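Asker: model this:
(2 chains, ligands or ions: 1)
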Amino acid sequence: MATQRIIVAGASMGGLRAAEQLRGAGWTGAITVIGDEPHMPYNRPPLSKDVLAGKAPFESLAFTPRPNVADVEWRLGTAVTAARLADRVVELDDGSEIPFDGLVIATGMRPRRLRCEGPAAGRHTVRTLGDAEALRAELTRPGARVVVIGAGFIGCEVAATAIGLGVRDVTVVDPLPLPMVGPLGGLLARSLLERHEERGVRFVLGTGVSGFRGEERVTGVVLSDGRVLPADVVVESVGSVANTEWLDGNGLDLADGVLTDGRLRVGGLPYVVAVGDVARFPNARYDGVPRRVEHWSIPGDTAKHAAKALVSHLTGAEADLTLFAPLPTFWSDQHEFRLQSFGSPGLGLADVRVLDGDPDGDVLVGYHCDSRLVGVVALGGHAAATGAARYRAQLLKQPALTA
Amino acid sequence: MKVVVDMNKCQDHGQCVFAAPDVFQLDDNGRLAYVSDPDDALRDEVEEAADVCPLQAIRIEG
Ligand SMILES: Cc1cc2nc3c(=O)[nH]c(=O)nc-3n(C[C@H](O)[C@H](O)[C@H](O)COP(=O)(O)OP(=O)(O)OC[C@H]3O[C@@H](n4cnc5c(N)ncnc54)[C@H](O)[C@@H]3O)c2cc1C
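Answerer: Next comes the predicted model:
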């Protein structure tokens, strides 16, 4: 019999963890990981922090693969262009086709771009190492005027890192009234706004962007209210789009990432699973509504669960196939502050309570749904983050929310 | 098994503490302390701790 093969599409954190967990779950057949970036998997969070600041060379970003994946085949610099799931075949951009027995979807996200006319030069996003290096080169030009579009986590991290690098002129634009207000709610968003402003970041809130000025390269950002912000460097951090086009034509629900069941299986096919940012999964800890979760903790968690489901199907091995119920965790470093989150604060925005401290200093905030604690976020020095961790056990013990 | 944490990289996230509480601890100031020669029976936990370190600062030797 020919060797059985699992293909992992996407060679970043989710792809690496999937390969390791497939071996961990007892898969002895072939594993081929296909990724369109030229690099072995590397860590993305430092891109908007230490890499932009020039404090982390590439060698310090690369993951160290576990020894159990030493025999895995890595096809880097190669994109998967299509998949015929019923036939169990993927097509690559070099024209080849590879048959598989099992498939792991780990193709993640790419930055959403603004659909405005204007020059491309001077406009940046931050998702890959190349992106971060290109942006760093421009931020460090003397006198650069920087406009960040989008006051979410990545936009605010980039703004803080730019200030830390000594950039004088940093403005963040967002149509919402406060930074990061969607995921965190008003209390912490207001506190974050003040902390950023005190350190020199300017905010233009409640206004979107309608276009760019400039011939060869960008010279300004046109706001929807008609004002123009002069700019030499623009960073677009306006959300992300799932890399799922290669799965078109298979009848899957690709409305926002790849829909999975509670065991991370896709399209009712027990031999296809999805992991990481691209997976839209129900979390049995909460209300059963499938959601994508773009947190660093999720590629590892999903990989472990998905690998067990896939390997037990392919080999007939017994496995503990409980429903997936991770406790999401998230952090963000901005200026000298750390945000540390456990659980799903987004599900408890209607009932936000200060648990400890106060919003001007180190603060610990609880998010509740039906009076039940569903998320805890700390903002402040590193010790505040340790405070949030005290609530982790409590969050783990909470009964599931019902739909 | 030998555990080495690159303390220049470590930013005291504490994720390793959840994964392997017998090996990693945060002190009262939120700074990491760890056992550098844990029992081999703890290998699974320590591997998990190395995986979940956001700075990838934990190395396992032997
Ligand atoms: C700048 C930045 C900062 C972040 N900071 C934090 C933080 O502070 N805290 C936190 O919790 N999380 C943070 N995150 C989120 C975290 O990094 C992600 O959740 C994680 O990288 C997701 O991993 P993934 O493998 O699922 O997806 P990705 O990392 O997106 O990997 C997908 C891979 O698949 C490749 N690919 C796509 N399509 C194809 C194709 N057709 N064929 C082959 N390959 C393909 C992509 O090029 C990519 O290499 C940050 C993310 C970014 C970008």
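
Asker: quick check: A:Val158 is in a helix.
Answerer: Yes: membership of A:Val158 in a helix is supported by DSSP: H, G, I helix; E, B strand; the rest coil.

Asker: so what's it up against?
Answerer: Shown in contact with A:Val158 (Cβ atoms under 8 Å, 6 or more residues apart in numbering or on different chains): A:48, A:52, A:126, A:135, A:148, A:235, A:237. Backbone N, C-alpha and C define where each C-beta goes, glycine included.

Asker: at 6 Å what do you get?
Answerer: A:48, A:148, A:235 (Cβ atoms under 6 Å, 6 or more residues apart in numbering or on different chains).

Asker: OK, contacts around A:Ala378?
Answerer: Neighbour list for A:Ala378: A:340, A:364, A:384-385, A:387-388 [criterion: Cβ under 6 Å, 6+ apart].

Asker: ok, the residues you listed vs chain B, which is closest?
Answerer: A:Ala385 (7.0 Å; Cβ to the nearest Cβ).

Asker: burial count for the nearest residue in space to that closest one that is not next to it in sequence?
Answerer: The shortest distance from A:Ala385 to any non-neighbouring residue, by Cβ to Cβ, 6 or more residues apart in numbering or on different chains, is to A:Gln340 (3.7 Å). Neighbour count for A:Gln340, taken as other Cβ atoms under 10 Å in any protein chain shown: 24.

Asker: over to A:Gln340. Which of the three states is it?
Answerer: Classified using three-state DSSP, A:Gln340 is strand.

Asker: so who does the most centrally placed residue in chain A touch?
Answerer: Note on chain A: the residue nearest the mean C-alpha position is A:Glu294, at 3.5 Å, using Cα atoms, centre = their mean. Counting by Cβ under 6 Å, 6+ apart, A:Glu294 touches A:Asp277.

Asker: got the buried residues for the helix or strand hosting A:Leu187?
Answerer: Assigned by DSSP states H and E, A:Leu187 belongs to helix A:186-198. For helix A:186-198, burial by neighbour count (16 or more other Cβ atoms under 10 Å in any protein chain shown) applies to A:187-193, A:195-196.

Asker: list the contacts of stretch A:119-126.
Answerer: With contacts defined as Cβ under 6 Å, 6+ apart, stretch A:119-126 is touched by A:47-48, A:111, A:131-132, A:135, A:154, A:214, A:217-218, A:233-236.

Asker: which stretches of chain A have low pLDDT?
Answerer: Counting by pLDDT under 70, chain A shows low-confidence ranges at A:1-2, A:403.

Asker: contacting residues around the biggest helix by length in it?
Answerer: When chain A is parsed with DSSP state H, its longest helix is helix A:297-315. With Cβ under 6 Å, 6+ apart as the contact definition, helix A:297-315 has outside contacts at A:13-14, A:17-18, A:21-22, A:25-27, A:101-102, A:263-265, A:270, A:273, A:275-276, A:279, A:319, A:324, A:326, A:329, B:51.

Asker: give me that answer again for 7 Å
Answerer: With contact meaning Cβ atoms under 7 Å, 6 or more residues apart in numbering or on different chains, helix A:297-315 is reached by A:4, A:13-14, A:17-18, A:21-22, A:24-27, A:101-102, A:104, A:263-265, A:270-271, A:273, A:275-276, A:279, A:317-319, A:321, A:324, A:326, A:328-329, B:51-52.

Asker: residue numbers of chain A in contact with the ligand?
Answerer: Residues of chain A lying close to the ligand (Cβ under 6 Å from any ligand atom) are A:9-15, A:34-37, A:44-45, A:47-48, A:79-80, A:106-109, A:126-127, A:154, A:243, A:246, A:276-278, A:294-296, A:299, A:330-332.
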